[in-house]
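Novice: Pasting the sequence and the predicted model now:
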Amino acid sequence: MTAENIFEVEHVTLRFGGVVSLNDVSLFQKRGEILAVIGPNGAGKTSLFNSLTGVYQPQEGTIVFHRADGRSMSVIGKKPHRVAGAGVARTFQASRMFSALSTFDNVKIGAEDHRGFGVVGAMLRGPRTRHDDRRSDERTAELLRFVGLAERANVLAASLSYGERRRLEIARGLATGPEVLLLDEPAAGTNPAEKLDLARLIRRVRDELGVTILLIEHDMKLVMSLAERLYVLNFGSVIAEGTPAEIRANPVVIEAYLGTSTEASA
């Protein structure tokens with residue numbers, strides 16, 4: 001792990017009509033870091049994720065993604081597929097899996113869509129798809145083993161538990177070969193045992209695969225156990241930044257968001 005920054009966000013403002021979703025937001029993320037963004041509902045967390053991935057286009061500021069090969073890309077003005085192709089993958093709070101397809105096919109389609117085959121081409125196994133079919137199968141099987149879903153490869157994705165679906169979404173994100181993985185509420189709907197397993201998996205993604213992790217999560221116990229550094233958003237603005245210990249003790253954060261519940265969950 002190095003101190004090199006992978007994301008640099010400077011003075012970003014995002015407006016929807018007269019509503020300011022992000023207000024002069026500046027932050028950075030180090031390569032190899034597990035960074036969390038927390039805040040109340042409506043604080044601007046998902047708007048930030050959408051801005052980092054090209055879904056939203058802020059009216060002011062800059063977002064720069066620094067690739068491992070030394071090249072840098074300005075995210076603002078780029079389409080989501082361009083940002084993803086550069087090495088930025090994400091999961092969503094609401095599952096976007098193909099429920100009628102198998103676990104295996106969900107991961108494989110994610111990888112092949114990223115390579116430009118498209119969902120239809122991947123499903124129909126056209127000539128271009130068949131060329132790399134065996135390698136794609138091997139990679140998909142490898143990822144399913146990594147996330148603990150190898151034995152569930154042939155079951156329909158709709159039959160997976162919430163915890164298994166979250167693992168599937170992480171596998172789909174990893175299938176694109178990202179440098180950074182953005183996780184939007186990865187623990188939503190999971191039970192305490194699944195949360196522990198998920199935390200271990202997220203650490204392994206960083207430690208074993210070298211993928212930088214940026215997450216939004218409401219479960220403060222999970223966040224504080226995973227994140228090395230946090231930013232706190234409130235009404236679209238950054239109100240604090242620091243280590244978990246610094247955030248727990250910050251009176252502005254406590255008043256705006258954490259309250260006394262953090263002490264109980266720490």
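Specialist: Happy to help now that I have it. Bear in mind the structure is a predicted one, so any value in this text is a computation, not a measurement. Residues are numbered from 1 along each chain as shown.
Novice: Could you check how many residues crowd around the residue nearest to residue 169 when sequence neighbours are not counted?
Specialist: Leaving aside its sequence neighbours, residue 169 sits nearest to residue 91 (CB to CB, 6 or more residues apart in numbering; 4.3 Å). For the C-beta atoms, the positions are set from N, CA and C on the backbone; glycine is no exception. Residues lying near residue 91 (other CB atoms under 10 Å) number 21.
Novice: buried set for the strand or helix carrying residue 247?
Specialist: For residue 247, the element it lies in under DSSP states H and E is helix 244-249. Of the residues in helix 244-249, 244, 247-248 count as buried by neighbour count, 16 or more other CB atoms under 10 Å.
Novice: what's the distance between the next helix or strand after it and the middle of its chain?
Specialist: Where DSSP H and E defines the elements, the next helix or strand beyond helix 244-249 is helix 251-253. Relative to its chain's centre, helix 251-253 lies at 26 Å (CA atoms, centre = their mean, to the nearest Å).
Novice: Give the buried residues for helix 251-253.
Specialist: residue 253.
Novice: can you check stretch 146-155 too?
Specialist: Using 16+ other CB under 10 Å as the burial criterion, the residues of stretch 146-155 that qualify are 146-147, 149, 152-153.
Novice: for stretch 77-90, same thing?
Specialist: Neighbour-count burial for stretch 77-90 [16+ other CB under 10 Å]: 78, 83-90.
Novice: now, which of those lie within strands?
Specialist: 88-90 (DSSP state E).
Novice: Among those, pick out the one closest to residue 99, please.
Specialist: Among those, residue 90 lies closest to residue 99 (CB to CB), at 19.4 Å.
Novice: Can you tell me, leaving aside adjacent residues, what's nearest to the closest one?
Specialist: Nearest to residue 90 is residue 182, by CB to CB, 6+ apart, at 3.9 Å.
Novice: show me what contacts the one you found?
Specialist: Counting by CB atoms under 8 Å, 6 or more residues apart in numbering, residue 182 makes contact with 49, 52-53, 88-91, 214-215.
Novice: okay, these in CSV with pLDDT and distance to residue 41 next?
Specialist: Listed next are the contacts of residue 182 as CSV, based on pLDDT from 0 to 100; distance: CB to CB, whole Å:
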residue, pLDDT, distance to residue 41
49, 96, 14
52, 98, 19
53, 97, 20
88, 97, 25
89, 95, 25
90, 94, 19
91, 91, 19
214, 98, 19
215, 96, 16
